[in-house]
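Asker: My questions concern the predicted model and sequence given below.
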Amino acid sequence: MINDRATRPRLPRRKPAPTVPAWEPPSWGEAEDFLRRFHTEQPEQPVALPMRLRQVREQLEQYGTYRHTRAELEFGARVAWRNASRCIGRLYWKSLRVLDRRDALTAEAIHGHLLEHIRVATNSGRIRPVISVFAPATPERPAPRVWNSQLIRYAGYRTTTGGLMGDPGHLEFTDTVRRMGWQAPGGWFDILPLVVEAPGDKPQLFDVPRELVLEVPLTHPQLAAFAELGLRWHAVPAISHMRLTIGGVDYPLAPFNGWYMGTEIGARNLVDPDRYNLLPVMARMMGLDTSSESTLWRDRALVELNVAVLHSFERAGVKISDHHTESQRFLTHLEREEREGRITPTDWSWIVPPISGGITPVFHRYYDEADQRPNFYLDDEAVELSKGRCPVRHHDAGGTFP
Ligand code: ARG
């Protein structure tokens, strides 16, 4: 028999994120498209469209870029969410709170606003979708950056005996911040410090005060032994390495958050083999027969882990949703958008939940796959930074690396 594995092209583990260069001057075309869309969807503006188009054209000619009004920024950020084809939670796109932080240019000021973001988003457990938009790059000045992939993440360590501790998804990043001087507690759920890079300044470390980070200890409604595993997760997922692009203007630092869907924690973060990898631990605790795959011990462990996540968040009064509810909401969103005459760009492979896909309604259909702007993009540079690696700078006006 011929083994054709070696000759078959190797498929990537996951579709790679779209990438675009780190900085380009806004094009007139994109600016115009955006302004027209804004004035069509929200016609009552103090400055009429033709006048605004003229202003922006002049700014572009004179400075090589232009400045969004607050209303444009707010609308742009919301529509970027509406266009995020990997997000199942888009029904509430209009309710996104937009914090305009374009004036913050020092590491200290940026850090203060990031902590304020966590505070406003957490809201004692009644999680609010929030985005903080920091300064865009200009021809003279690079934009501020945060290296972390999320505002709140857990450190990962390799132990001296060759074992793993914490979140192995963040081994490299943890290594980098330790080399920069972070004193690592060396536990299973240590909150990583923020690495803030202000324009023209070197990157600086800031702690995220523990009392600001709402976390939920995980328990199971029936399995008493589960609590003894000592698992927990944080309440707010706040992505901080994606570039927001509105009307041709790039905002490389624009952290945003929603609330969690249980499977993100219970079927991925705690389960992926290169994350907490807990299925074998669960199976042992549940006394499952792991002698053969066909006992479906993995599936049974997985479901109970997800029960625990939803149960614990609900018990703690922290907003979370299950994948059945969120799938249903997404279909409502699709219908609403269709009624408005808009398409909803959607990536099936991200929208279908990682458990019970086929028993959620989002599984059984196709979607539009357009790349519409405003939107969020993940650049190669941001990926490198979030792994703690020194990237190739596309637009380097002063930042130095350790
Ligand atoms: N999946 C990521 C995590 O587990 C968070 C992505 C954004 N999720 C959200 N519900 N807004 O941390």
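Answerer: Good, I have the coordinates.

Asker: just the helices in the chain please.
Answerer: 28-41, 49-63, 70-82, 107-122, 171-179, 262-263, 279-286, 297-315, 323-339, 348-351, 380-386 (DSSP state H).

Asker: shaky segments in the stretch 251-400 of the chain?
Answerer: 391-400 (pLDDT under 70).

Asker: interface residues of it facing the ligand?
Answerer: When proximity is defined by Cβ under 6 Å from any ligand atom, the stretch 251-400 of the chain lies next to the ligand at G258, Y260, M261, E264, N269. Placement of C-beta: from N, CA and C, glycine included.

Asker: And the residues you listed, which is closest to A283?
Answerer: N269 (18.0 Å; Cβ to Cβ).

Asker: Counting neighbours, what do you get for the closest residue to the closest one other than its chain neighbours?
Answerer: Once flanking residues are discounted, N269 sits nearest to R275: 5.4 Å by Cβ to Cβ, 6 or more residues apart in numbering. When neighbours are counted by other Cβ atoms under 10 Å, R275 registers 16.

Asker: My guess is R275 contacts D167. True?
Answerer: Yes. Applying Cβ atoms under 8 Å, one finds R275 in contact with D167, separated by 6.2 Å.

Asker: shared neighbours, the two?
Answerer: N269 (Cβ atoms under 8 Å, 6 or more residues apart in numbering).

Asker: on that earlier part again, which of the residues of the stretch 251-400 of the chain next to the ligand tops the neighbour count?
Answerer: Neighbour-wise, these (other Cβ under 10 Å) top out at Y260, 25 neighbours.

Asker: what's across from it in the sheet?
Answerer: With DSSP bridges as the criterion, Y260 is bridged to I320.

Asker: hang on, the earlier thing: residue contacts, the residue nearest to N269?
Answerer: D167, P168, G169, R268, N269.

Asker: Is it correct that the last one is in contact with W233?
Answerer: Put plainly, it is N269. Yes. Shown here, N269 and W233 form a contact pair, counting by Cβ under 8 Å, at 7.0 Å.

Asker: if I look at the residue nearest to the spatial centre of the chain, how far off is the ligand?
Answerer: In the chain, the residue lying closest to the centroid (Cα atoms, centre = their mean) is I239, at 2.9 Å. I239 sits at a distance of 6 Å from the ligand (criterion: Cβ to the nearest ligand atom, to the nearest Å).

Asker: cool, S124 as well?
Answerer: Distance from S124 to the ligand, by Cβ to the nearest ligand atom: 18 Å.
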